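Engineer: Next come a sequence and a model predicted from it.
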Protein chains: 2
Amino acid sequence: MNITIVGLGVIGGSFAKALKPFEEHEVYGIDSDVSTLSKAESLGIIKKGYLEGKEPLEISDLVILCIYPMSVLKFIESNKQYFKKGAIITDATGVKGIMVDDILDSVGENVDFVFGHPMAGREKKGIDFASAEVFKGANYILTPHHNNKAENLKIVEDLVYSIGFSNVKKVNPYEHDKIVAYTSQLPHAMAVALVNSDDDKYPTGELIGDSYRDLTRIANINEELWSELFLSNRENLISTIEVFQVKLEDIKKSLVNNDKEKLIEIFKESSRRREKL
Amino acid sequence: MNITIVGLGVIGGSFAKALKPFEEHEVYGIDSDVSTLSKAESLGIIKKGYLEGKEPLEISDLVILCIYPMSVLKFIESNKQYFKKGAIITDATGVKGIMVDDILDSVGENVDFVFGHPMAGREKKGIDFASAEVFKGANYILTPHHNNKAENLKIVEDLVYSIGFSNVKKVNPYEHDKIVAYTSQLPHAMAVALVNSDDDKYPTGELIGDSYRDLTRIANINEELWSELFLSNRENLISTIEVFQVKLEDIKKSLVNNDKEKLIEIFKESSRRREKL
């Protein structure tokens, strides 16, 4: 296939790196940053880089959009006339519900948009932090719609497995957004709030264990991307934060009441759930 | 030195494993579980195991207590008559303020109690999960008191470095408890509350990324140990939970108000703090 990756940041760059071993594919890149394109070319992970869509899109059987949520529709609007008839367009966006209808309305019926979300990433941004390794063993979510062709879903699914993902799950876009509010956005909100709770009085780095380090890794966060993700999914995220607030308040109440039995019950429940995972 | 480790669970067992390469030390173990003692003997990480304190304590220059918080004082009360004159007693307990005065009153002046806390551990319990690796590169906190001899603090500090810890920090016991409420207990409370927030409707394990996995590792928690730790430090933990609740509520409010600028400010602050770490 001819494949064009739009946006060679940490995710797009990781796709390009992960696709490098497959000589049956020609990979092109589109990015607004010239130095990113030349880096990708000199790494040999794209055949050629472009600042504009026309040339690579006209020959591409698969287009992978790895740009910010608010940019996906804009890109489609500006470039849909270049898409090759019958091409598959896919994305890597962390929210779905808010965007699918507008995108499907815009993109038309000449191409098949297969919505996807790799559940993998890095806290750093840019092609320098791209790595095929982050995809290894990770989960991938597809949110099919009724116009998707079964064979195109299969092509994306097979490609995703071939570059290292170990599990592809299909859910509807609104469920997807509820799920990621809980599995991805809430953890980011928690990590941010934890780091921001430090009173800066002590040399925290010298006084922590692995648990703190693990929990706060993602508090180093791409503020543009994640503010878009949070706000595009605000109702789901608010609901899931509220569920979490109740559960945390339960722990606090057990402490206030000096209630060891209740605490033990809460801990047994979390251990049971975590082991099941 | 003759060293006795009291409690060969995951922490005591890890001490024994980490001390194995040092032929200048003889290591003995005390545990209430016969099979744990024979495992430790057959692994060659203790010279001999005992169910009672008298024999090994009478010859030990250093005693490392790796038992539950509520058991430390009981052990001292029952065994203080056996301690060798001039011995160093140390512990690995995750709370200090609540226990130091009672222990110092009880233990008397024939021995020197050096309070310590390895900021390392595993979510599993028992000698089967003990590993010298968990100490590598980790932090260690000592909480000296005015009767500690400088040379004894130095002995414990040197030993701790020799078995792999990379940083030893001295703080007073009340500060220690404030610090660990934030750096260790709050993260455990958050992880537990997160896992317990799952509505169990979706196959969560297939829909998560590394962030969820990292954050919830410690939700698989030893309920006896951690309920003791939480309740022994309840005032500090309640305060730190409340600070965290305010910070999380700030994020929620930004979502409710659709306030992108505020969210970006919060994310920039957490990124700055996490990078500094």
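Structural biologist: Alright, I've got the coordinates.
Engineer: Okay, domains of chain A per the record?
Structural biologist: With automatic domain parsing as the criterion, the domains of chain A are listed as A:2-171, A:176-276.
Engineer: Let's have those domains in a markdown table, adding mean pLDDT and distance to chain B.
Structural biologist: Where C-beta positions appear, they are placed from N, C-alpha and C, glycine not excepted. Listed next are those as a markdown table, based on pLDDT from 0 to 100; distance: least, Cβ to the nearest Cβ, whole Å:
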| stretch | mean pLDDT | distance to chain B |
| --- | --- | --- |
| domain A:2-171 | 95 | 4 |
| domain A:176-276 | 94 | 4 |
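Engineer: ok, which stretches of the stretch 1-150 of chain A are strands?
Structural biologist: Under the criterion DSSP state E, counting those that start in this stretch, the stretch 1-150 of chain A contains strands at A:2-6, A:26-30, A:48-50, A:62-65, A:88-91, A:112-114, A:116-119, A:139-142.
Engineer: An error on my part: the question was meant for the stretch 151-277 of chain A.
Structural biologist: So, for the stretch 151-277 of chain A - with DSSP E, counting those that start in this stretch - the strands run A:167-170.
Engineer: Count the residues that sit near the closest residue to A:Tyr161 other than its chain neighbours.
Structural biologist: Closest residue in space to A:Tyr161, ignoring its immediate chain neighbours: A:Val168 at 6.7 Å, by Cβ to Cβ, 6 or more residues apart in numbering or on different chains. For A:Val168, the neighbour count with other Cβ atoms under 10 Å in any protein chain shown is 17.
Engineer: Tell me which residues touch A:Gly94, please.
Structural biologist: Contacts for A:Gly94 (Cβ atoms under 8 Å, 6 or more residues apart in numbering or on different chains) come out as A:69, A:117, A:180, A:184-185, A:229.
Engineer: I'd like to know how many residues surround A:Ile11.
Structural biologist: Using other Cβ under 10 Å, A:Ile11 has 27 neighbouring residues.
Engineer: Quick check: it vs A:Val34, distance?
Structural biologist: 20 Å (Cβ to Cβ, to the nearest Å).
Engineer: Repeat that for A:Ser239.
Structural biologist: Distance of A:Ser239 to A:Val34, given as Cβ to Cβ: 43 Å.
Engineer: my guess is A:Ile179 contacts B:Tyr202, does it?
Structural biologist: Yes - using Cβ atoms under 8 Å, A:Ile179 makes contact with B:Tyr202 at a distance of 5.5 Å.
Engineer: if I pick A:Ile3, what's in contact with it?
Structural biologist: Neighbours of A:Ile3 in contact, by Cβ under 8 Å, 6+ apart: A:19, A:25-28, A:60-64.
Engineer: For A:Phe113, see how far away the most centrally placed residue in chain A is.
Structural biologist: Geometric centre of chain A, nearest residue: A:Gly94, 4.5 Å, by Cα atoms, centre = their mean. Taking Cβ to Cβ as the measure, A:Gly94 falls 16 Å from A:Phe113.
Engineer: Can you get me a residue count around the closest residue to A:Val160 other than its chain neighbours?
Structural biologist: Once flanking residues are discounted, A:Val160 sits nearest to A:Tyr140: 4.9 Å by Cβ to Cβ, 6+ apart. A count of nearby residues for A:Tyr140, using other Cβ under 10 Å, gives 25.
Engineer: I figured A:Tyr140 was touching A:Gly116, is that so?
Structural biologist: Yes - the pair A:Tyr140 / A:Gly116 is scored as a contact, 6.5 Å apart, by Cβ under 8 Å.
Engineer: For those two, list the residues in contact with both.
Structural biologist: Shared contacts of A:Tyr140 and A:Gly116 (Cβ under 8 Å, 6+ apart): A:Val160.
Engineer: For the nearest residue to A:Pro173 once chain neighbours are set aside, grab the count of nearby residues.
Structural biologist: Leaving aside its chain neighbours, A:Pro173 sits nearest to A:Lys96 (3.6 Å; criterion: Cβ to Cβ, 6+ apart). Per other Cβ under 10 Å, the neighbour tally for A:Lys96 reads 27.
Engineer: returning to what we had before: how close does the residue nearest to the centre of chain A sit to B:Tyr182?
Structural biologist: Where B:Tyr182 is concerned, A:Gly94 sits at a distance of 30 Å (Cβ to Cβ).
Engineer: Quick one: end-to-end length of stretch A:29-46, please.
Structural biologist: End-to-end span of stretch A:29-46 (Cα to Cα, to the nearest Å): 6 Å.
Engineer: which residues touch that stretch?
Structural biologist: With Cβ under 8 Å, 6+ apart, stretch A:29-46 has contacts from A:4-9, A:12-13, A:16-17, A:19-20, A:27-28, A:48-53, A:56-57, A:126-128.
Engineer: where do the helices sit along chain A?
Structural biologist: Chain-ordered helices for chain A, with DSSP state H as the definition, fall at A:10-19, A:34-42, A:54-59, A:69-79, A:100-107, A:150-162, A:173-180, A:186-195, A:210-216, A:223-232, A:234-256, A:260-276.
Engineer: relative to helix A:10-19, how tilted is the second one?
Structural biologist: Okay, so that is helix A:34-42. On the basis of axes from the mean of the first three to the mean of the last three Cα atoms, to 10 degrees, helix A:34-42 is oriented at 10 degrees to helix A:10-19.
Engineer: just the contacts of A:Gly94 now: which is nearest A:Leu277?
Structural biologist: Closest to A:Leu277 out of the contacts of A:Gly94 is A:Ser184 (14.8 Å), distances taken as Cβ to Cβ.
Engineer: Around that closest one, how many other residues sit close by?
Structural biologist: A:Ser184, neighbours per other Cβ under 10 Å, totals 25.
Engineer: same question, A:Glu235
Structural biologist: By other Cβ under 10 Å, 14 other residues sit near A:Glu235.
Engineer: same thing with A:Glu52?
Structural biologist: Neighbours of A:Glu52 (other Cβ under 10 Å): 12.
Engineer: quick one, what contacts it?
Structural biologist: Contacts for A:Glu52 (Cβ under 8 Å, 6+ apart) come out as A:Ile30.
Engineer: From A:Gly13, how far off is it?
Structural biologist: Per Cβ to Cβ, A:Glu52 is found 19 Å from A:Gly13.
Engineer: Same check on A:Ala130?
Structural biologist: Counting by Cβ to Cβ, the gap from A:Ala130 to A:Gly13 is 3 Å.
Engineer: Next: A:Glu224.
Structural biologist: For A:Glu224, the distance to A:Gly13 - Cβ to Cβ - is 17 Å.
Engineer: ditto for A:Thr216
Structural biologist: Between A:Thr216 and A:Gly13 the computed distance is 25 Å (Cβ to Cβ).
Engineer: Between those two, which has more neighbouring residues?
Structural biologist: Using other Cβ under 10 Å, the more surrounded residue of A:Thr216 and A:Gly13 is A:Gly13, with 29 against 25.
Engineer: so A:His117 sits right up against A:His176, yeah?
Structural biologist: Yes - when contacts are counted by Cβ under 8 Å, A:His117 is listed as touching A:His176 (6.8 Å).
Engineer: which residues do those two both contact?
Structural biologist: Taking Cβ under 8 Å, 6+ apart as the criterion, A:His117 and A:His176 both touch A:96, A:141, A:143.
Engineer: Just send the residues you listed back as a markdown table, with distance to B:Asn147 too.
Structural biologist: Output for those, formatted as a markdown table (distance: Cβ to Cβ, whole Å):
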| residue | distance to B:Asn147 |
| --- | --- |
| A:Lys96 | 63 |
| A:Ile141 | 60 |
| A:Thr143 | 65 |
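Engineer: Which one of these is nearest to A:Asn172?
Structural biologist: Using Cβ to Cβ, these come closest to A:Asn172 at A:Thr143, 6.1 Å.
Engineer: which ones are touching the closest one?
Structural biologist: Going by Cβ under 8 Å, 6+ apart, A:Thr143 touches A:96, A:100, A:115-117, A:170-173, A:176.
Engineer: Only the buried members of these: can you turn that into a ChimeraX selection?
Structural biologist: In ChimeraX syntax, the buried subset of the contacts of A:Thr143 is picked out as below (16 or more other Cβ atoms under 10 Å in any protein chain shown):
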select /A:96,100,115,116,117,171,173,176
